[in-house]
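Asker: Make a model of this:
(2 chains)
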Amino acid sequence: MTTAVDPVVAADPTAPVVTRRRRGGPWLAVLPPLVVGVAGLLLWETVVKVGRVAPYVLPAPSAIGEQFWLSREVVWRTGLASGENALIGLLAGAAVGLLAAMVAARFAFLGEVSIPVAAALNALPIIALAPILNNMFDSTSSVPRRLVVAIVVFFPVFVNALRGLREVDPIHRDLMASYAASGWTVTRLVRLPAALPFVFTGLRQASSLAVIAAVVAEYFGGLQNGLGSRITSAAANTAYPRAWAFVVGACVLGLVFYLVALLLERLVMPWRRV
Amino acid sequence: MTAVLLEGVSKVFNAGRADEVTALTAVDLTVERGEFVTLIGPSGCGKSTLLRLVGDLTQPSTGTVTVAGKPAATARADQEYGIAFQQAGLFEWRTVQRNVELPLELRGTSKRERRERAREMLDLVGLGDFAGHYPAQLSGGMQQRVAIARALAVHPPLLLMDEPFGALDEMTRERLQDELLRICASTGTSTIFVTHSIPEAVYLSDRVVVMSARPGRITEVVPIDLGPRTEATRQSPGFFTGITKVRRALRGEAVPAGATS
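Answerer: Numbers count the residues shown, from 1 in each chain, chains lettered A, B, ... in the order given. Model prediction:
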């Protein structure tokens, strides 16, 4: 039996990272980045302290940590608000992206037409979009930020899903033809499951993007109850370590989204773990 | 009743273009019900194309293909045949069991019957213990056996096989050859089988269709009469006579009657 090399994964350049085999258990996988991270923080602290770097240039990690602890309740509250925006936008954008990809894959001419349209959509800078959307809705509305997230998320999900949906193994195509199956049956039984690794590659990219978009969208007005507003107001008040503390909060939020996407990927595709 | 009838069939790929290829020309072939016919020939002789034409996976440029008394397209829509290829082509997201169940599922077979039938077929190819595994956990040979089980699961009246045993070791290969013959005999299945192996062709077939390349065509049909296959068949003089006949036909030598003793 072959357990060493999974030919399917080996042949697939977009194979998700989760399929990589762990050697020596989870600790050996976690330890090196942990050591590098701690060493980096120590070096940062030393450089700031010894080099007397001004706090508006770069505050020491200890100062950021202190502020993070002092503002923990606000970080938690604003983080939840930003997280909610990112999640709702992510779900909406991913759902629309996936549906659009299914339709585009089903009808060949739509597939050809949709890629440039999607690329144009992706080239839209959210910076340009956020103020406009903010003016379209009430200042108490959460819709503009979520819309920004959904638009940002749409592209990676759509493009990856479409690529996966269009690549059907010729033997699978022949087999389904011999079973007299066609159209949506083939989409459901073959195209969709075969596209899942691609879809999750898109979702993993989108999960981090969603948090970035949710935070950054707040820089341009609208309802100010998320992490973004705290970063701008702290920076405006020259409270740089506090601004950084909220950046750390945004970073943790992005990481949570990414890890959840990774976990979901493993749960949904058990055959990739074997 | 004839299982498969090809009349004046030719297949030209990329017709009218610079890279035009005549894959098959002037093919006439009849496969009777319950008959086992093997297609053998050098690479590029169009034997796989011929198989795909019967399965309506590609359409002829001229001529007609009739399967079970119907046009090939209708026969495909009615799922009159099971097919296995050189590559297993399993669905990696389905367990071994559910891979075998898929064609049954698409025929609307009940869940209970699907499970029983898949079990039976997996036991037959010696993979009963691997029903819950995913294809990626199996070796290439094991995957191929799953694909064969999948093709057999629906008990199709016609079986199309494109070098299905090519990737298997000799032991497994011979065992599956015997199993295949047993199944075809007991269910009255007609089979068209593509192979590169002369002994395999002779052992399995009622008739060996010898083909040659450029352009792909049938050059000779060698009837084999070995009676019911047993352990002794592979050692029998008749078996070696058959091999010699097919080998000569492949070389393009005439086969005079009685010249092979």
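Asker: can you give me the helices in chain A?
Answerer: Per DSSP state H, chain A carries helices over the ranges A:7-11, A:25-50, A:61-70, A:72-106, A:108-123, A:126-136, A:143-166, A:170-178, A:184-186, A:192-217, A:227-236, A:240-268.
Asker: quick one: which of these is nearest chain B?
Answerer: helix A:170-178 (3.3 Å; C-beta to the nearest C-beta). In short, each C-beta sits where N, CA and C put it, glycine included.
Asker: how about the closest one, does it get close to chain B?
Answerer: Yes - contact of helix A:170-178 with chain B (C-beta under 8 Å from any C-beta of the partner chain) involves A:Ile171, A:His172, A:Asp174, A:Leu175, A:Ala177, A:Ser178.
Asker: Give me the packing partners of that helix, helices and strands only.
Answerer: Packed against helix A:170-178, as judged by 3 or more C-beta pairs under 8 Å, 6 or more residues apart in numbering or on different chains; DSSP states H and E, are the following elements: helix A:184-186, strand B:81-84.
Asker: Quick check: the gap between the residue nearest to the spatial centre of chain A and A:Ala130.
Answerer: With distances taken as C-alpha atoms, centre = their mean, A:Ser207 lies nearest the centre of chain A, 1.9 Å away. Distance, A:Ser207 to A:Ala130, using C-beta to C-beta, to the nearest Å: 20 Å.
Asker: nearest residue to B:Leu57 other than its sequence neighbours?
Answerer: Nearest residue to B:Leu57 in three dimensions, chain neighbours excluded: A:Asp174, at 5.2 Å (C-beta to C-beta, 6 or more residues apart in numbering or on different chains).
Asker: OK, contacts around the residue of chain B found nearest chain A?
Answerer: Closest approach between chain B and chain A, counting by C-beta to the nearest C-beta: B:Gly89, at 3.3 Å. Counting by C-beta atoms under 8 Å, 6 or more residues apart in numbering or on different chains, B:Gly89 touches A:Asp169, A:Ile171, A:His172, A:Asp174, A:Leu175, B:Ala147.
Asker: residue ranges with poor pLDDT in the stretch 151-261 of chain B?
Answerer: B:254-261 (pLDDT under 70).
Asker: Would you confirm that B:Val21 contacts B:Phe13?
Answerer: Yes - counting by C-beta atoms under 8 Å, B:Val21 touches B:Phe13, with 4.6 Å between them.
Asker: Give me the distance between stretch B:144-156 and the centre of its chain.
Answerer: 12 Å (C-alpha atoms, centre = their mean, to the nearest Å).
Asker: before we move on, what about stretch B:189-206?
Answerer: Worked out by C-alpha atoms, centre = their mean, stretch B:189-206 lies 7 Å from the chain centre.
Asker: so B:Met211 sits in a helix?
Answerer: No - read with DSSP: H, G, I helix; E, B strand; the rest coil, B:Met211 is strand and lies in no helix.
Asker: B:Thr49 is in contact with that one, correct?
Answerer: No - counting by C-beta under 8 Å, B:Met211 sits too far from B:Thr49 to count as a contact (10.2 Å).
Asker: near chain A, anything from the longest helix seen in chain B?
Answerer: In chain B, with assignment by DSSP H, the single longest helix is helix B:170-187. No - under the criterion of C-beta under 8 Å from any C-beta, chain A is not reached by helix B:170-187; the shortest gap measures 14.3 Å.
Asker: which other residues reach that helix?
Answerer: B:34, B:36, B:124-126, B:141, B:145, B:148, B:152, B:155, B:159, B:165, B:168, B:189-191, B:200, B:203-204, B:229, B:234.
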